[in-house]
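A.B. asks: Sequence and computational prediction follow.
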Amino acid sequence: MLLAIDTSAGTAVAVVAVDGRVLAERSTDDTRRHAEVIGPFLDEVLHAPGVSAAALTGVVTGIGPGPYTGLRVGIAAAHAVAIARGIPLLPVPSHDAVALALVEGGIAAGRFAVVTDARRREVAVTVYSAGLPLPTVVEPAHRVARIEWTPDEAVPAHEVLEIAAVPLAHVALARLAAGLPFAAPQPLYLRAPDVTLSAPKRVS
């Protein structure tokens with residue numbers, strides 16, 4: 001079974017069996033309380049009926065795009081569980097989860113865009129080509145000023161407010177089954193953090 005964690009928007013945690021069945025799931029769309037809820041959510045799903053932490057075979061972490069503060073909470077939590085259990089960390093772009101859910105649900109076909117709020121009057125956009133077992137990325141995640149965001153009529157845009165952990169796990173399962181590589185473990189911030197380290201003062 002896989003533990004999946006995403007904090008690119010709200011906070012979503014799930015445990016999914018290798019056949020795709022959802023064993024436990026917790027989420028909130030609150031975009032400000034990642035650090036407060038991640039611990040209780042993990043405790044609840046890992047102690048849910050039918051779930052055994054010892055049976056986990058991997059930890060899926062959503063790597064964004066998303067804001068710096070939110071993403072680092074989820075990725076750090078996923079790293080901690082993977083290290084503690086001695087199991088692989090499986091990084092997955094968060095938009096991939098939305099794209100797969102749209103295709104499997106028959107909502108998206110051909111080329112389409114997944115759009116999430118990037119704050120500061122911007123959106124994060126990834127363009128896909130529908131397909132299974134996984135949609136193909138046509139244009140990697142990038143930021144666009146919301147006022148300038150004009151979707152092409154030939155590329156329907158699907159803007160979402162939440163990233164669910166279950167489809168994130170389904171992306172990982174599809175990649176494992178097909179022997180496909182996972183994303184690099186670097187988070188997709190798309191923007192530098194607000195707080196940066198100042199240059200050290202010179203000592204004379």
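C.D. replies: In hand now; what should we look at?

A.B. asks: A78 - how many residues pack around it?
C.D. replies: If you count neighbours by other Cβ atoms under 10 Å, A78 ends up with 28. (C-beta placed from N, C-alpha, C; glycine too.)

A.B. asks: residue ranges of the strands in this structure, please?
C.D. replies: Remark: strands assigned in the chain by DSSP state E are 2-6, 11-16, 22-28, 58-62, 89-92, 111-119, 122-129, 136-145, 157-159.

A.B. asks: Any chance of the ones you listed in JSON lines with distance to V45, mean pLDDT and mean neighbour count as columns?
C.D. replies: Listed next are those as JSON lines, based on distance: least, Cβ to Cβ, whole Å; pLDDT from 0 to 100; neighbours: other Cβ atoms under 10 Å:
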{"stretch": "strand 2-6", "distance to V45": "7", "mean pLDDT": "98", "mean neighbour count": "29"}
{"stretch": "strand 11-16", "distance to V45": "5", "mean pLDDT": "98", "mean neighbour count": "27"}
{"stretch": "strand 22-28", "distance to V45": "4", "mean pLDDT": "97", "mean neighbour count": "18"}
{"stretch": "strand 58-62", "distance to V45": "12", "mean pLDDT": "98", "mean neighbour count": "28"}
{"stretch": "strand 89-92", "distance to V45": "17", "mean pLDDT": "98", "mean neighbour count": "21"}
{"stretch": "strand 111-119", "distance to V45": "23", "mean pLDDT": "93", "mean neighbour count": "21"}
{"stretch": "strand 122-129", "distance to V45": "27", "mean pLDDT": "95", "mean neighbour count": "22"}
{"stretch": "strand 136-145", "distance to V45": "27", "mean pLDDT": "93", "mean neighbour count": "14"}
{"stretch": "strand 157-159", "distance to V45": "27", "mean pLDDT": "93", "mean neighbour count": "16"}
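
A.B. asks: is it possible to export these to JSON lines including distance to R175?
C.D. replies: As requested, the strands of the chain are arranged in JSON lines below (distance: least, Cβ to Cβ, whole Å):
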{"stretch": "strand 2-6", "distance to R175": "11"}
{"stretch": "strand 11-16", "distance to R175": "13"}
{"stretch": "strand 22-28", "distance to R175": "18"}
{"stretch": "strand 58-62", "distance to R175": "10"}
{"stretch": "strand 89-92", "distance to R175": "8"}
{"stretch": "strand 111-119", "distance to R175": "17"}
{"stretch": "strand 122-129", "distance to R175": "15"}
{"stretch": "strand 136-145", "distance to R175": "13"}
{"stretch": "strand 157-159", "distance to R175": "21"}
